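S.K.: I would like the atomic coordinates for the input below:
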Amino acid sequence: VKYTLRMFSNLLSLQCEQIIQHLNHKIPGVDTAELCQRIQTSGIEINVGDLAKIANVVSFLFSTAARNSLSTEELVTTLGNAVTALPKHAVQVIRHVWNEHGKSISVSEDARNMATLGQFVDIKWKLGVAMSSDTCRSLKYPYVTVMLKVADPSGQITDKSFEMTIPQFKNFFRQFKEMAAVLETV
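M.R.: Residues are numbered from 1 along each chain as shown. As a prediction, this is how the structure comes out:
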């Protein structure tokens, strides 16, 4: 039980630190799917949706505390008054992370006025060939699968995947070349 509690505290601390990095615009978001996998590997049962909710609450908590210049004690008191079911070790982790990194959160007007758009994180692709299906024995149909990692405005990183035919991919590529050409003129 002590090992599991220590592991959970370490992973919660990691998530809190990632949230602070996100709030400081040092990383595009918090990859809750990857963190969820790490937590599950350590033997703690949690689903990615619950972990994303925790990340949203902590992000809101930290950004509000930074905006109001709360001290560590004010944050913990406010947290204790608002959430009675929060385990003591979780409050200790939040206290520690806020005490160590809370003052670093930037609350500039530019950051507050940023557009509420997602942010590109990563792209992966692969070329495949559909060999056959239940209705056709010999397809030999090439396609491109694209996997995007995108951080939504709250900082949650999600994966988006789609497939394109070769003509669709050529059109996609042409549009990217056009964007690159326009960027060269800037």
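S.K.: now stretch 94-105: average pLDDT?
M.R.: For stretch 94-105, mean pLDDT rounds to 87.
S.K.: so how far is it off the chain centroid?
M.R.: With C-alpha atoms, centre = their mean, to the nearest Å as the basis, stretch 94-105 stands 19 Å off its chain's centre.
S.K.: what's in contact with it?
M.R.: Stretch 94-105 is contacted by residues 12-13, 16-17, 20, 23-24, 58, 61-63, 65-66, 70, 72, 75-76, 79 when judged by C-beta atoms under 8 Å, 6 or more residues apart in numbering. Bear in mind the C-beta positions are built from the backbone N, C-alpha and C, glycine included.
S.K.: repeat the analysis, applying 6 Å as the threshold.
M.R.: The set of residues that contact stretch 94-105 without belonging to it, under C-beta atoms under 6 Å, 6 or more residues apart in numbering, is 13, 16, 20, 23, 66, 72, 75, 76.
S.K.: could those go into a markdown table alongside secondary structure, pLDDT and distance to residue 175?
M.R.: Listed next are those as a markdown table, based on DSSP: H, G, I helix; E, B strand; the rest coil; pLDDT from 0 to 100; distance: C-beta to C-beta, whole Å:
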| residue | secondary structure | pLDDT | distance to residue 175 |
| --- | --- | --- | --- |
| 13 | helix | 88 | 42 |
| 16 | helix | 90 | 39 |
| 20 | helix | 89 | 36 |
| 23 | helix | 86 | 33 |
| 66 | helix | 87 | 39 |
| 72 | helix | 89 | 49 |
| 75 | helix | 86 | 47 |
| 76 | helix | 85 | 51 |
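S.K.: what helices or strands is the helix or strand that contains residue 62 leaning on?
M.R.: Taking DSSP states H and E as the criterion, the element that holds residue 62 is helix 48-67. Secondary structure elements in contact with helix 48-67, counted by 3 or more C-beta pairs under 6 Å, 6 or more residues apart in numbering; DSSP states H and E, are helix 2-23, helix 32-41.
S.K.: if we use 8 Å, what do you get?
M.R.: The contact analysis (3 or more C-beta pairs under 8 Å, 6 or more residues apart in numbering; DSSP states H and E) places helix 48-67 against helix 2-23, helix 32-41, helix 72-82, helix 88-101.
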